[in-house]
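> predicted structure and sequence below. I'll ask about it afterward.
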Amino acid sequence: MLSEYLAKAYAPPTWITMTRVRLGTLPPSPASSPDEEAERRMMMVKNRWVDAVAISQWDLHVIEAAIRADLGDPSKLELYTRLVKLTPDLQPFLNRPIKGVYVFAIEDPVVTLKMRELGFKVVQYRPTWLPDYLKLLTPRERQAPKT
């Protein structure tokens, strides 16, 4: 779902997109050699990751996506937008405004409200294959919890 959405909403050459981006850094080690720096970068596989980052000359978007909106997603996106500022590979782009974007197929109004309260953009994206996928789920899983 995310790849389809990125292809439509963040098309090159205006946007550069990356998926499953590791965020944050490890504490610097004293007097690290190039070999040690390579080892430190390998250790970043233990860092948290965001679904996608999209970069234009104007903005840097931190994108979290879910087929079914989840109550934990607002706090994740809030953390990820903070961790972007600590990510070495994204340092050259931090002169742009950082914006959180939440993409979902099945809405939970509570999650949508919380995302908007936090100042994040909320996008409902319903791919063409979604009805077929929903048939695989139980009726309760096809919609958000009742508020």
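Done, it's in.
> all the helices of this protein, in order from the start?
Counting by DSSP state H, the chain has helices at residues 2-9, 34-43, 73-83, 109-117, 130-135.
> ok, of the ones you listed, where does mean pLDDT dip lowest?
Out of the helices of the chain, helix 34-43 stands lowest, with a mean of 64 (criterion: mean pLDDT).
> if we can go back for a sec, any chance of the helices of the chain in CSV, plus mean neighbour count?
Where C-beta positions appear, they are placed from N, C-alpha and C, glycine not excepted. What follows is the helices of the chain, written out as CSV (neighbours: other CB atoms under 10 Å):
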stretch, mean neighbour count
helix 2-9, 15
helix 34-43, 11
helix 73-83, 19
helix 109-117, 16
helix 130-135, 12
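> so which of those gets nearest Gln57?
helix 2-9 (16.5 Å; CB to CB).
> who are the packing partners of the closest one?
strand 16-22, strand 49-55, strand 60-68 (3 or more CB pairs under 8 Å, 6 or more residues apart in numbering; DSSP states H and E).
> Gln124: which of the helices of the chain is closest?
It's helix 109-117; of those, that one is closest to Gln124 (CB to CB) at 8.5 Å.
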